[in-house]
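Undergrad: Got a predicted structure plus its sequence, pasted below:
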Amino acid sequence: MLTEDGPETGVQGDPPSLGDRAGACFHRYREGQDQALGELVELATPLLWNVARAHGCDREAAEDVVQDVWIRLVDRAADIRESGAVLGWLVIAVKRESWRTARVARRTSYDPTGTVDPGGTEAGPEAATILTERQQLLWGAVHDLSERCRQLLRIVAFCDRPDYDEVSAALGMPRGSIGPTRGRCLDKLRRSLAADERWEDR
């Protein structure tokens with residue numbers, strides 16, 4: 001069902017959240033602007049990819065899950081009553097598909113660099129080697145954190161202005177606890193890295 005009005009945004013003067021921007025793109029797409037779907041995909045995929053990773057998918061499986069959910073969105077676009085709800089719909093769909101995929105796969109291997117956005121950037125061989133080593137140290141330290149910290153950092157670390165409402169939905173955390181929990185997790189991560197001489201040498 002289409003809505004006559006576009007999605008509501010945050011408080012006037014505040015930059016729009018990720019959910020606001022996603023809702024605006026989806027509203028334009030349902031108004032017939034096909035290019036807006038591509039903008040929505042570009043905007044939301046980093047969050048969705050990390051939600052899939054945080055719920056048990058490896059890198060390849062996460063990419064498949066996110067792609068399947070985008071296809072499902074196109075098929076069911078008319079079922080979403082409010083454009084502003086699209087990001088929440090996507091997050092829930094990715095969570096459910098990730099759980100299903102993880103149950104089937106039962107993969108237990110750990111990729112210490114697997115939570116990095118798959119887009120990446122190009123670098124020379126020497127720079128790439130240093131970057132890879134730092135990634136291994138960083139994500140090795142993340143892996144030693146609690147499961148809740150790992151899930152939270154995987155999602156918020158790679159999102160431009162993460163939407164706390166969507167993070168709350170993705171992880172089942174009260175919205176008000178996300179900021180303090182993120183702070184504690186980052187503090188533990190900093191202390192872990194500071195104690196590792198290899199990190200200081202890079």
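TA: Great, that's in hand. Numbers count the residues shown, from 1 in each chain.

Undergrad: Might one say that C57 is in contact with R103?
TA: No. The pair formed by C57 and R103 falls short of the contact definition of C-beta atoms under 8 Å, at 10.8 Å. In short, each C-beta sits where N, CA and C put it, glycine included.

Undergrad: So which of these two has more stuff around it?
TA: For C57 versus R103, neighbours defined as other C-beta atoms under 10 Å are more numerous around C57 (25 against 9).

Undergrad: can you pull the contacts of the residue nearest to V69 when sequence neighbours are not counted?
TA: Distances taken as C-beta to C-beta, 6 or more residues apart in numbering place A93 nearest to V69, at 4.6 Å, with adjacent residues excluded. Under the criterion of C-beta atoms under 8 Å, 6 or more residues apart in numbering, the contact list for A93 reads 69, 72-73.

Undergrad: Now tell me which helix or strand of this protein has the poorest mean pLDDT.
TA: Using mean pLDDT, DSSP states H and E, the weakest-scoring helix or strand in the chain turns out to be helix 125-143, at a mean of 64.

Undergrad: tell me the average confidence for the helix or strand following it?
TA: Scanning forward in sequence from helix 125-143 by DSSP states H and E, the next helix or strand is helix 147-156. Helix 147-156 shows an average pLDDT of 81 in the prediction.

Undergrad: Buried residues in the strand or helix carrying the residue nearest to V69, which are they?
TA: Using DSSP H and E, A93 falls within helix 86-105. By neighbour count on 16 or more other C-beta atoms under 10 Å, the buried set for helix 86-105 is 86-91, 93-95, 97-98, 101-102.

Undergrad: Quick check: which ranges of this protein have low pLDDT?
TA: Within the chain, the stretches falling below the threshold (pLDDT under 70) are 1-14, 105-132, 134-135, 157-162, 200-202.

Undergrad: mind redoing it with 50?
TA: Applying pLDDT under 50 to the chain picks out residues 1-5, 7, 9-11, 107-131.
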